[in-house]
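Need the 3D shape of this:
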Amino acid sequence: MKKIIRNCIYILIGTLLYAGGISLFLDPNNLAPGGLIGVSVILNRLIPVSTGTLYFILNIPIVILGIWKFGIKFMASTAVVIVLNSVLTDFLAGFGAITTEPILACLAGGIMIGAGIGIIFRAGTTTGGMDIIVKVIKSKYKHIRTGFLFFMLDMVIVSISGVVFGDFNVAMYAFIAVFVSGRVMDMVLYGSDEARLIYIISDNYQNISKRVLEELDVGVTFLEGKGAYSNSSKNVIMCVIRKQLTPRLEDIIKEEDPASFMIVSSASEIYGEGYKDIRGVRL
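As a prediction, this is how the structure comes out:
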């Protein structure tokens, strides 16, 4: 019950920040911050439908796709976030722009959006839209980096906004907002580079590894082990995970195998996909 209440509070705070960044800073200054909300801002200038309503409509086919690919349980909380974002975006739009200075708008809007998305992610859900599209693409093309997919999709939307609004400066400010939101989201989600190196010994290793891959989007490796007392072979799960995700991993292990054995240690430097680029290291 504590976890449910905590996640509900996170979702409410996250959606308020997200919607506020759009309605109070970016949308009234013609700044499309990438993602499906950016598409909604652009379409709002072409057809007489509010940004929040457009965001809701555009998400309908994506939610259906998500249910088909990942199941209704995974998409239930995402659907709640989409509805809240849509309602709050239209509600807060009635207050008008807090500032009409583009650089202030893109910085403030980017910070609020990044913080909002990060908090929503920490509640174990997503904002829908491009999050689902990227997850679907990644399920088929696992070699493509998640960050690269988000970046390319956002760049396409930001570029289109410059054409629709007829102002290259608007597109550049929108790009700044996208960059700022991404950095803030990483700070909220991950904090520093510190992570946890975790070993899990369990007879139910297959279900645990499957849920870690699907629910946490964290890679796992199987190590071969052998019990000295029982002389039986064991598959040991090894994974590196951001420290903020550790409680969710512990919940999965408790649900799947309360009798499992888990070793948790700190990993201060991690190189590879999702972490630092090994090519940038000087040996």
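
so where's the stretch 51-200 of the chain shaky on pLDDT?
Scanning the stretch 51-200 of the chain for pLDDT under 70 picks out 142-147, 189-194.

can you pull out the strands in it?
Per DSSP state E, counting those that start in this stretch, the stretch 51-200 of the chain carries strands over the ranges 195-201.

and residue 30, what are its phi and psi?
phi 60, psi 40 (degrees, to the nearest 10).

That one reaches residue 167, doesn't it?
Yes. If you go by CB atoms under 8 Å, residue 30 and residue 167 touch, sitting 7.3 Å apart. The C-beta positions use only the backbone N, C-alpha and C, and glycine is treated the same way.

Identify each buried residue in stretch 73-85, please.
For stretch 73-85, the neighbour count (16 or more other CB atoms under 10 Å) marks 74-75, 77-79, 81-82, 84-85 as buried.

Give me the subset of those residues that lies in helices.
Applying DSSP state H to these, the entries found in helices are 74-75, 77-79, 81-82, 84-85.

Mind picking the one among those residues that's closest to residue 133?
Residue 133 lies nearest to residue 78 out of these, by CB to CB, at 12.4 Å.

quick check: domain ranges of this structure?
2-190, 195-280 (automatic domain parsing).

Restrict stretch 34-53 to CA atoms and write it as PDB.
Only the C-alpha atoms of stretch 34-53 are listed here, as PDB (Å, rounded to 0.1, in the frame of the first residue of the first chain):
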ATOM      1  CA  GLY A  34      10.100  16.800 -29.200                       C
ATOM      2  CA  GLY A  35       8.100  13.700 -28.500                       C
ATOM      3  CA  LEU A  36       4.400  13.400 -29.000                       C
ATOM      4  CA  ILE A  37       3.700  16.500 -27.100                       C
ATOM      5  CA  GLY A  38       5.900  18.400 -29.600                       C
ATOM      6  CA  VAL A  39       3.800  17.000 -32.400                       C
ATOM      7  CA  SER A  40       0.700  18.200 -30.500                       C
ATOM      8  CA  VAL A  41       2.100  21.700 -30.200                       C
ATOM      9  CA  ILE A  42       2.700  21.800 -34.000                       C
ATOM     10  CA  LEU A  43      -0.700  20.400 -34.900                       C
ATOM     11  CA  ASN A  44      -2.400  22.900 -32.500                       C
ATOM     12  CA  ARG A  45      -1.200  25.700 -34.900                       C
ATOM     13  CA  LEU A  46      -2.700  23.900 -37.900                       C
ATOM     14  CA  ILE A  47      -6.100  22.700 -36.500                       C
ATOM     15  CA  PRO A  48      -8.400  24.300 -33.900                       C
ATOM     16  CA  VAL A  49      -7.900  21.600 -31.200                       C
ATOM     17  CA  SER A  50      -6.200  22.200 -27.900                       C
ATOM     18  CA  THR A  51      -2.700  20.800 -27.300                       C
ATOM     19  CA  GLY A  52      -3.800  18.500 -24.400                       C
ATOM     20  CA  THR A  53      -6.600  17.000 -26.400                       C
END
